[in-house]
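Asker: Below is the sequence, then the predicted model.
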Amino acid sequence: MSISELFASGGPAMIPLLFLSFLALSTIIERAWFWSKILTHEREIAGRVIEAARRDWDAATEIARKSSNQPIGRFLYSALALEEPDPEVFQLALQATADEEIATMRRGEKVLESTIALAPLLGLLGTVLGLIRSLRDIRIGDLGTDATSGVTVGISESLISTATGLIVAIAALAFYRLFQSFVSGQAKLFRQSGNELELLYRSGWSRRQRAERGKVSDFLPPQPEA
């Protein structure tokens with residue numbers, strides 16, 4: 001049986017199944033291309049920025065700026081580009097950018113979720129419609145006679161849509177879980193590198209505040225003795 005014959009045997013439910021599978025396949029290809037471009041460089045960029053921040057904030061900012069084509073680069077640069085912000089503002093910049101980047105990484109999840117939920121149902125609908133079509137002309141008196149010889153063929157063909165729906169749903173579920181694991185790994189990397197960068201900034205901020213208070217105290221007149 002050729003693919004066209006198999007498709008025709010599956011009944012009308014194969015049309016939405018075909019559309020759904022095409023939509024899921026497009027999403028999978030786009031997401032696979034997206035992840036292939038970032039997974040190999042993210043940890044290296046984060047490590048370089050954090051290491052540079054321990055010695056020179058300007059160097060760390062420049063590394064993050066040059067890596068702004070990657071999510072981790074944009075994440076770290078969003079805070080490093082600020083002009084001596086308060087630690088709370090520094091933290092908010094990291095959090096806001098992380099939320100935005102994670103939302104971008106989750107793009108396409110709704111399509112895969114819909115495919116996982118709808119594909120088996122559409123396949124089951126196709127099977128039910130096929131059974132109705134196969135059994136509607138059968139009479140009780142025809143049971144056991146040659147009049148029912150085509151029923152088994154019709155039933156086997158009606159199961160094609162169910163099998164197709166399950167295959168589409170299983171493939172979508174596999175990639176959905178894979179992409180979710182990538183997002184989870186990126187969220188962990190963002191949290192780890194963001195915490196390290198924030199800790200370094202807060203330490204430098206505290207030192208600057210103490211130094212400024214010391215300079216101010218040098219200009220204050222001595223207090224008279226009691």
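Answerer: That came through, no problem.

Asker: Give the buried residues for stretch 98-114.
Answerer: 98, 101-102, 105, 108, 111-112 (16 or more other C-beta atoms under 10 Å). Every C-beta, even on glycine, is put in place using the N, C-alpha and C of the backbone.

Asker: Just the closest of those residues to Arg31, please.
Answerer: Gly108 (5.1 Å; C-beta to C-beta).

Asker: list the contacts for the residue lying closest to the closest one once chain neighbours are set aside?
Answerer: Using C-beta to C-beta, 6 or more residues apart in numbering and skipping the chain neighbours, the partner closest in space to Gly108 is Thr27 (4.3 Å). When contacts are counted by C-beta atoms under 8 Å, 6 or more residues apart in numbering, Thr27 is found next to 108, 111-112.

Asker: Now, these that are in helices?
Answerer: Per DSSP state H, helices hold the following members of these: 111-112.

Asker: Closest one of the contacts of Thr27 to Phe22?
Answerer: Val111 (10.9 Å).

Asker: Just give the closest residue to Gly123, not the sequence neighbours.
Answerer: Gly165 (2.2 Å).

Asker: sorry, back to before: with distance to Leu23 added, can I get the contacts of Thr27 in JSON lines?
Answerer: Formatted as JSON lines, the contacts of Thr27 follow (distance: C-beta to C-beta, whole Å):
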{"residue": "Gly108", "distance to Leu23": "10"}
{"residue": "Val111", "distance to Leu23": "6"}
{"residue": "Leu112", "distance to Leu23": "9"}
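
Asker: Quick check: of the buried residues of stretch 98-114, which lies closest to Lys37?
Answerer: Distance to Lys37 across those (C-beta to C-beta) is lowest for Met105, with 12.0 Å.

Asker: Which pLDDT does the model give that closest one?
Answerer: For Met105, the pLDDT comes out at 93.

Asker: just Thr27 next, same as before
Answerer: pLDDT at Thr27 comes out at 95.

Asker: same check, this time on Ser78
Answerer: Per-residue confidence (pLDDT) for Ser78: 92.

Asker: cool, the one 10 residues further on as well?
Answerer: Each residue has a pLDDT score; the one for Glu88 is 91.

Asker: Quick one: neighbours of it, just the number.
Answerer: 9 (other C-beta atoms under 10 Å).

Asker: And for Ala119?
Answerer: 25.

Asker: chain center to the lengthiest helix in the chain, what's the gap?
Answerer: Counting by DSSP H, the longest helix found in the chain is helix 149-219. Between the centre of helix 149-219 and the centre of its host chain there is 6 Å, according to C-alpha atoms, centre = their mean, to the nearest Å.

Asker: swap in stretch 37-56?
Answerer: With C-alpha atoms, centre = their mean, you get 22 Å for stretch 37-56.

Asker: Identify each buried residue in that stretch, please.
Answerer: Under the neighbour-count criterion of 16+ other C-beta under 10 Å, stretch 37-56 has 38, 42, 45-46, 48-50, 52-53 buried.

Asker: In a markdown table, list the residues you listed along with distance to Trp205.
Answerer: As requested, the buried residues of stretch 37-56 are arranged in a markdown table below (distance: C-beta to C-beta, whole Å):
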| residue | distance to Trp205 |
| --- | --- |
| Ile38 | 31 |
| Glu42 | 27 |
| Ile45 | 24 |
| Ala46 | 21 |
| Arg48 | 22 |
| Val49 | 18 |
| Ile50 | 17 |
| Ala52 | 18 |
| Ala53 | 13 |
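
Asker: In this protein, where is pLDDT below threshold?
Answerer: Filtered on pLDDT under 70, the chain yields the residue ranges 1-10, 135-157, 212-226.
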